[in-house]
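Visitor: this one's sequence-less:
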């Protein structure tokens, strides 16, 4: 019995979600579940409300410092949040057609060398 070959992007472990998950979405759900106001959390963390709101609404990336502040304030591990941010960043870049075309050109040049 022969095994079927599937394109690598169709294998479940290699598939990318249609919409990448920003860590702010996870954090927003967490603080809503706990009934914590964004203003109070921002005050507790010592950051501007606008900065917190932008992270929670996926308009600003989570940095190492803010991840550690969330860890201290909410007792959530910072490292998985940062990995989620990295995966989010990579997926956004991989959907950027002009960058991916540039990347393909660099690969062609590198193959010649």
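Guide: Sure, I can see it. A quick note: this is a predicted structure, and the numbers were derived from the prediction, not measured.
Visitor: tell me the contacts of the residue nearest to residue 67 when sequence neighbours are not counted?
Guide: Nearest-residue entry for residue 67: residue 78, 3.9 Å, with adjacent residues in sequence omitted and distances by CB to CB, 6 or more residues apart in numbering. Every C-beta, even on glycine, is put in place using the N, C-alpha and C of the backbone. By CB atoms under 8 Å, 6 or more residues apart in numbering, residue 78 lies in contact with 64, 67, 68, 70, 71.
Visitor: 7 Å instead, please
Guide: Counting by CB atoms under 7 Å, 6 or more residues apart in numbering, residue 78 makes contact with 67, 68, 70, 71.
Visitor: so which strand or helix has the second one?
Guide: Yep, that's residue 68 we're talking about. Following DSSP states H and E, one finds residue 68 within helix 64-74.
Visitor: which elements pack onto that helix?
Guide: Counting contacts by 3 or more CB pairs under 7 Å, 6 or more residues apart in numbering; DSSP states H and E, helix 64-74 packs against helix 38-45, helix 78-94.
Visitor: tell me the contacts of residue 111?
Guide: By CB under 7 Å, 6+ apart, the contact list for residue 111 is empty.
Visitor: quick revisit: check what pLDDT the residue nearest to residue 67 gets.
Guide: You'll see residue 78 listed with a pLDDT of 98.
Visitor: okay, the angle between the worst-scoring helix or strand of the chain on mean pLDDT and helix 78-94?
Guide: None of the helices or strands of the chain scores lower by mean pLDDT, DSSP states H and E than helix 97-112, at a mean of 92. Helix 97-112 and helix 78-94 are oriented at 90 degrees to each other (axes from the mean of the first three to the mean of the last three CA atoms, to 10 degrees).
Visitor: from the middle of its chain, how far away would helix 97-112 be?
Guide: 24 Å (CA atoms, centre = their mean, to the nearest Å).
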